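Novice: Dropping a prediction and its sequence here:
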Amino acid sequence: MKTNHSIAILVLCTLSLFTSFTSCHKPLRVRSVTTEAIPVDASADAIQDTAYLAQLAPIKANMEKEMNEPLGYAPEALWVKAPECPMLNWASDALWEAAKQHYDGKVDIAVVNIGGMRCSWPAGPVTRGNVFELMPFDNRLVVLTLKGADLLDLCQAFADYGGQGVAGMRMSAVNGKLTDVTIGGKKVNPKADYTVATSDYLSGGADHMEALTRYTNYWNSDLLIRDLYIQAVRDQDTIRAVVDGRMNIQ
């Protein structure tokens, strides 16, 4: 009991001293700040850890060898430009064909976004590195089922945005107003169901594609679109793509 009483007195004395100290001193304030800019550029090369770089050298060499592996050949450049371009058409066609190989059912169209096309391909060899530059994201192939009415809303969004990539479909718009949408040469029926191959990223409504979130069925392949493109380049060997008027926005 005496011990507890002594501890209580000690605690009270400590609190009293702390209160006295803080009440008798002004709060600390920052009077000045000194900063120094340290550039991270070629001037830092002299301080490199050469032993660490030596350990990384074989890994870097193997990666460069893998990325520089030629997968196919493009006789002409595949460039990126809205509303339609060779790269968008090639990417959407390749995704459409891949979806038809892996999905157990009919795939009516494919949709890719121009914002996802991160580079053009010059004429010449198409390497693994070129495909990684085009598709640096780990997006996966999905197939969605949409009502025709929602598909028409999606196409109106394409017209508003100024173009996107499509395969298996043709659309026209004048002054921002959708005028015609056909799949397999037939006008889209607002009440019919259509299957759309796209990425899991776009299925969430990204890039103004909110209509894709209104799917009635969702199939996830768990296949990386980048890997599908790598296989497509290998299978095609000679990469050809042209502007054919599938995205006619005036």
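Specialist: All right, it came through fine.
Novice: now the strands: where do they sit in this structure?
Specialist: Taking DSSP state E as the criterion, the chain carries its strands at 70-74, 109-112, 124-127, 140-147, 165-167, 169-174, 177-183, 186-187, 193-199, 217-224, 247-249.
Novice: Which one, of those, ends up nearest to His208?
Specialist: Nearest to His208, of all the strands of the chain, is strand 109-112, at 12.0 Å by C-beta to C-beta. Bear in mind the C-beta positions are built from the backbone N, C-alpha and C, glycine included.
Novice: and the closest one, which strands flank it?
Specialist: Sheet pairing of strand 109-112 (DSSP bridges) gives strand 165-167 (antiparallel), strand 193-199 (parallel).
Novice: just the ones you listed: most buried one?
Specialist: Sort these by mean neighbour count, taking mean count of other C-beta atoms under 10 Å, and strand 165-167 sits at the top with a mean of 26.
Novice: Dump the strands of the chain to TSV, plus distance to Pro86.
Specialist: Listed next are the strands of the chain as TSV, based on distance: least, C-beta to C-beta, whole Å:
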stretch	distance to Pro86
strand 70-74	9
strand 109-112	13
strand 124-127	13
strand 140-147	21
strand 165-167	11
strand 169-174	17
strand 177-183	22
strand 186-187	26
strand 193-199	19
strand 217-224	23
strand 247-249	12
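Novice: In the protein, what helix or strand scores lowest on average pLDDT?
Specialist: helix 2-24 (a mean of 48; mean pLDDT, DSSP states H and E).
Novice: where does this structure dip in pLDDT?
Specialist: For the chain, residues meeting the criterion pLDDT under 70 lie at 1-26.
Novice: OK, contacts around the nearest residue to Arg234 once chain neighbours are set aside?
Specialist: Closest residue to Arg234 apart from its sequence neighbours, by C-beta to C-beta, 6 or more residues apart in numbering: Leu71 at 5.1 Å. Applying C-beta atoms under 8 Å, 6 or more residues apart in numbering to Leu71 gives the contacts Val126, Thr127, Arg128, Val131, Ile230, Val233, Arg234.
Novice: Let's see which of the residues you listed end up in helices.
Specialist: Arg128, Val131, Ile230, Val233, Arg234 (DSSP state H).
Novice: follow-up on the earlier one: got JSON lines for the strands paired with strand 109-112, with distance to Ser92 too?
Specialist: Shown next, in JSON lines, are these (distance: least, C-beta to C-beta, whole Å):
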{"stretch": "strand 165-167", "distance to Ser92": "4"}
{"stretch": "strand 193-199", "distance to Ser92": "9"}
